[in-house]
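*Asks:* Sequence and predicted structure are below.
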Amino acid sequence: MANYTKRDEVAVIELNNPPVNALSFEVRSGLQNALKSAIDDQDVKCIVIHGKGKNFSAGADIKEFGAGTKQQKPWITDACRLADESSKPVVAAIAGTALGGGLEVALFCHYRIGTPSCRVGFPEVQIGILPGAGGTQRLPRLIGVNSSIDMITSGRHVMAEEAMKLGILDKIVTEDIIEEGVKFAKSVVGLDLAHRILKNRKIEAVSPKVFDDEISRVKKKYKGYIAPLFCLKAIQASVQLPYDASMEQELQLFQHLVGSNQAKAQQYAFFAERTSARWQLPTGANSQNASPLPVKTAGVIGAGTMGAGIALCLITSGIPTVLVEQDQKFLEKGIKTMEGDLRGSVALKKMTAEQAKKAMLILKPSVNFEDLHDVDLVIEAVYENLALKKEIFAKLDKICQPQTILCTNTSSLDIDMIAEATKRMDKVVGTHFFAPAYIMKLQENVYGKNTSAETVATVMALGRRIRKVPVLVGTCESFAANRMLHPYVTEALYLVEEGASPYEVDQVLEDFGMPMGMFRVSDLSGLDIGYKVRREAAKRQGIDLTLGTRFVNGERVCLLADVLVEKGRLGIKSGKGWYNYGSPGKKEAIPDPEVLDIIEEHCRKFGIKKQKISSQEILERMQLALINEGFRILEEGIVSKPEDIDVIWIYGFGWPKYMGGPMFYANEMKLKNVYRKICDFHQKYPFSIHWTPSKLLARLSETDLPISNWTSLINSNSKL
Ligand SMILES: CCCCCCCCCCCCC[C@H](O)CC(=O)SCCNC(=O)CCNC(=O)[C@H](O)C(C)(C)COP(=O)(O)OP(=O)(O)OC[C@H]1O[C@@H](n2cnc3c(N)ncnc32)[C@H](O)[C@@H]1OP(=O)(O)O
């Protein structure tokens, strides 16, 4: 709703819908009525609109766009038209965020003032839609076409200072926002408002080439996403058509997008990220009843690629960090990597040179473990070796304060075994980052059987603070993210043995929207890593893996990647892997006939008959293999909700948001179809253990209920 009060001759309208003042039906109606009252009241000379609590408004209520609902009138434009037509000045007083429809309300006002920490923006594009209440028409009239294209197609938030420079804000104020709003409104009473009404402003002439160039840029930068292209069409309409006609055009484009599958998937992803932040331990402790410990300082052990990347995340978030490496040479190499990454961020305008310099000032490089004596939290990021990690944790247990939380960046080792090396098992937890750690947003936090709720709360809060998307998972072989990767990678190799080329497989995945095909990713990571891991895992089971191995414990194996390794093809680092890169370190991946010969030879050796495999089969086999594993992970309680899996794939492996994530994708396919296809593959490939259908999937497919019901079904029915 919207509250209406008066301060002398000033009407104060407060948008009131906690926590973010989303513009629900009640708020829109309230705003419309309040504006009417203010305009009709003879004693009122000016009007101030502000938001209750920390935010002005986060825009339209996204839940109202859900399938089957129709936005009830009044719409934002109906409510705000009164501001446009008012002869009394209307001032938007912005604290916190004014986003989407929130900013559109402010653009209907004659003036906008904001606090120094306020943010404005049009993030609609990130949820698959466009600013549909005049944003694409009014912003270009205020700040010009080029800046509008940048803001609207990126969805980025603009801070007060920049908003002031762009002309979105008329003033930055430092005292109480309502008091300032009232003062400002009084100061503009009697001034001519004609030029303050944005719909009346002339729009600059822009050549069609600007839009042609922008279309090419946007197609490349946001590959596969339709909303940014629709945003451009709407902005172009603002240049080409009179205001009323272009508003009509904006609405039509909005309506098209809001009903699209991409918008549905992106809005699901928005809420999935927030659902995933609400965690629960098997003990019942959860994000509502556990509090994080303060992390004022941190430590990182290991200045390799991962350690340096993690340290960079910490210092760029303002957390003073001690980076410990046992060897001065490696330490210096790590610092150089960090400095290089910071230079990259400055070049990309993600931060200023000043901010980069400030970040490095709070880094303390050291070759002395004792320097970790006073830090609040340590993240160990040395290479995957249980004995080494245990040794480090035993050492940390002695050096650090009793309350210090000890995290490991292991991607596969047992958290409990690492914790056993300490006398504070409740304070040991996995914080698994993804390479490159400074860029990839997923932080897979792994609890062990003794990890306390307080420890979990601390690493989940830390994740958000360092701009990651944290997800909580339980302990199992490879944890949730990499465990799902296993059947995906295995199936890709089987497809290649059976007749698809690695290049066809990658093309299908990239056409689907993955940023890189599976084989290109392998080349980037280095094929030798998997080679070593496979051999060590086999050795633990008493198996001697050779290139002649075809089955392990009755399961089909394909060691084609190992054939490449033994021929010196390690991926990008050696200049050749599944692709040819010309020389080591080069990034351009060129399909290599030599690889096709190696595959031919491998198939001849094992008598495998090759056949033509369709793109549809490639996609289905790879996606359904990982989806089946996802259901098993849910079934075993490794994650507590399907949203966790989707968030892992979006932020850890680049699953396109416009496809929602693997669990959402399964939901869209209908679970009965997913289950039937998995059963068919199981029958056809009995030696591939990953095709054994998940029992949870089988049960859920009988109900055919949508994804929003799965968690309560799982929790309410222990038989699932
Ligand atoms: C249906 C048929 C239609 C037919 C045509 C009708 C035409 C009508 C024309 C309509 C035109 C509308 C046009 C408008 O341009 C569209 C929009 O405004 S879309 C919304 C754009 N805004 C956003 O995308 C902002 C989203 N929010 C955020 O980015 C962040 O929440 C924040 C504001 C930066 C705050 O961040 P945090 O402090 O970290 O808090 P959380 O993110 O955890 O959020 C807290 C809580 O609030 C929920 N929430 C946030 N924003 C919204 C929202 N806009 N709508 C609904 N709910 C929202 C969030 O989910 C959290 O909830 P919780 O998880 O705690 O339950």
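*Replies:* Thanks, I have the structure now. Numbers count the residues shown, from 1 in each chain.
*Asks:* where's the closest residue in space to Asn200 that isn't next to it in sequence relative to the ligand, distance?
*Replies:* If the residues on either side of it in the chain are set aside, Asn200 comes closest to Ala194, at 6.5 Å by C-beta to C-beta, 6 or more residues apart in numbering. Quick note: C-beta positions are derived from backbone N, CA and C, even for glycine. Applying C-beta to the nearest ligand atom, to the nearest Å, the value for Ala194 to the ligand is 26 Å.
*Asks:* Tell me how many other residues crowd Ala194.
*Replies:* Under the neighbour criterion other C-beta atoms under 10 Å, Ala194 is assigned a count of 9.
*Asks:* Residues of this structure that sit close to the ligand?
*Replies:* Proximity of the chain to the ligand is assessed by C-beta under 6 Å from any ligand atom, with 19-20, 22, 55, 58-63, 65, 69-71, 75-76, 97, 99-101, 104, 123-124, 127, 131-133, 135, 254-255, 258, 271, 274 identified as the residues in range.
*Asks:* that older thread, what about the residue nearest to Asn200, distance to Pro89?
*Replies:* Ala194 sits 12 Å away from Pro89 when distances are taken as C-beta to C-beta, to the nearest Å.
*Asks:* now the strands for the stretch 551-700 of the chain?
*Replies:* Counting by DSSP state E, counting those that start in this stretch, the stretch 551-700 of the chain forms strands over residues 551-552, 555-556, 579-580, 590-591, given from the N-terminal end onward.
*Asks:* And the ones you listed: which comes nearest Met518?
*Replies:* Relative to Met518, the nearest member of those by C-beta to C-beta is strand 579-580, separated by 12.1 Å.
*Asks:* ok, and what's touching that closest one?
*Replies:* Contacts to strand 579-580, defined as C-beta atoms under 8 Å, 6 or more residues apart in numbering, come from residues 502, 519-520, 523, 589-592, 594-595.
*Asks:* Same check on stretch 365-378?
*Replies:* For stretch 365-378, using C-beta under 8 Å, 6+ apart, the contacting residues are 293-301, 303, 322-328, 331, 334-335, 364, 395-396, 399-401, 403-407, 458-459, 462.
*Asks:* Next up, phi/psi of the closest residue to the ligand within the stretch 151-300 of the chain, please.
*Replies:* Nearest to the ligand, among the residues of the stretch 151-300 of the chain, is Arg274, at 3.6 Å (C-beta to the nearest ligand atom). Recorded main-chain torsions at Arg274 are phi -80, psi -40, according to degrees, to the nearest 10.
*Asks:* cool, and Thr431?
*Replies:* With angles defined as degrees, to the nearest 10, Thr431 sits at phi -130, psi 90.
*Asks:* so Glu339 is in which element?
*Replies:* Glu339 belongs to helix 328-347 when elements are defined using DSSP states H and E.
*Asks:* What helix or strand is Ile49 located in?
*Replies:* strand 46-51.
*Asks:* what residues are up against Asn21?
*Replies:* Going by C-beta under 8 Å, 6+ apart, Asn21 touches 15, 27, 51-53, 55-58, 102.
*Asks:* again, but for Asp511
*Replies:* Asp511 makes contacts with Ser615, as judged by C-beta under 8 Å, 6+ apart.
*Asks:* any idea how far Met659 is from it?
*Replies:* Taking C-beta to C-beta as the measure, Asp511 falls 12 Å from Met659.
*Asks:* can you check Leu524 too?
*Replies:* Using C-beta to C-beta, one gets 22 Å for the distance from Leu524 to Met659.
*Asks:* neighbour count winner among these two?
*Replies:* Set side by side, Leu524 and Met659 show more neighbours around Met659, with 24 against 15, by other C-beta under 10 Å.
*Asks:* Please verify my assumption that the more buried one contacts Gly513.
*Replies:* Yes - between Met659 and Gly513 there is a contact at 5.8 Å, judged by C-beta atoms under 8 Å.
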